[in-house]
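K.L.:
Turn this into a structure:
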Amino acid sequence: MTDEERAMLHEPPLKLFGWWSGIVSAACVFALTFLVVLLSAAFLPYVVVVRGAVGAGTLATVVTYVWIQRRERAKLRHVTDLVARESAAGYVRSEVYAVTDAVAVEEQEDEGLSYYLLLDDGRTLFLSGQYLYGPADEGFPWESFEIVRVPYEGWVLRVVPLGPRVTPCGTRSPFTEDERKSGTVPEDGTIEARDFGALKAAAS
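P.N.:
Model prediction:
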């Protein structure tokens, strides 16, 4: 493990967590606060009521979003501390894969990139996460590559190309909420026997 990777594990990444749910929650809080102030102060001049409602709603929105950010960052710091302790001794897990075909999945919100990768033994590897942004910029997926992970939580330290690029045969639409709830979306790193022909047929 490099010094840079050790530092990365000790420092939570700067990220706006749950931006979509945060915006929705903040908007609901704003609307509710605005309505409450508007109704409770109906006897005041209209301009004063509107300004007060907007001010209270904005304050409530900011407080809500800051709370969401702090909550998510606290969770990340907890996991990061556990990962850092385990990785202090340099424990990592390295896996090399050989790929013959690939199907990409369109990203929705900020969950990261996803790929179904047909391995040389006929099974399918599913990879998904924001850690694929960098490799994708460098040409991922490749005919052969190595993934180095920290055992705890399976955090990916690096993806190393070992062969030429494999151009995905197609790209399917983002996973639906029903697919996620039903458990049909594999976990990152899952290897299983799948009908890859059906995956290709579902891709554009």
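K.L.:
Below-threshold pLDDT in the chain: ranges please.
P.N.:
1-26, 29-30, 34, 37-50, 52-53, 72-91, 151-154, 204 (pLDDT under 70).
K.L.:
Domain ranges for it, per the record?
P.N.:
Domain assignment of the chain by automatic domain parsing yields the ranges 3-87, 93-202.
K.L.:
How are the strands of the chain distributed by residue range?
P.N.:
All strands of the chain, identified by DSSP state E, fall at 93-105, 113-119, 124-129, 144-150, 155-161, 170-172, 190-192.
K.L.:
Okay, angle between the longest one and strand 155-161 too, please.
P.N.:
If I follow you right, that is strand 93-105. Per axes from the mean of the first three to the mean of the last three CA atoms, to 10 degrees, the angle that strand 93-105 makes with strand 155-161 is 80 degrees.
K.L.:
Save the strands of the chain as a markdown table, and put in mean neighbour count too.
P.N.:
Using the backbone N, CA and C atoms, a C-beta is placed for each residue, glycine as well. As requested, these are arranged in a markdown table below (neighbours: other CB atoms under 10 Å):
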| stretch | mean neighbour count |
| --- | --- |
| strand 93-105 | 17 |
| strand 113-119 | 21 |
| strand 124-129 | 21 |
| strand 144-150 | 18 |
| strand 155-161 | 18 |
| strand 170-172 | 15 |
| strand 190-192 | 13 |
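K.L.:
Figure out which of these is closest to residue 56.
P.N.:
With CB to CB as the measure, strand 124-129 is the member of those nearest residue 56 (39.2 Å).
K.L.:
And for the closest one, what's in contact with it?
P.N.:
With contact meaning CB atoms under 8 Å, 6 or more residues apart in numbering, strand 124-129 is reached by 97, 99, 105, 111-119, 147, 156, 186-194, 196, 199.
K.L.:
what does stretch 158-174 give?
P.N.:
Counting by CB under 8 Å, 6+ apart, stretch 158-174 makes contact with 5, 96, 98-108, 115, 131-132, 134-135, 138-148, 199-200, 202-204, all of which sit outside it.
K.L.:
same deal with stretch 193-204?
P.N.:
101, 103-104, 116, 118, 122-124, 168-173.
K.L.:
Report the two of those residues separated the most.
P.N.:
Using CB to CB for every pair in those, the one that comes out farthest apart is 122 and 173, at 25.3 Å.
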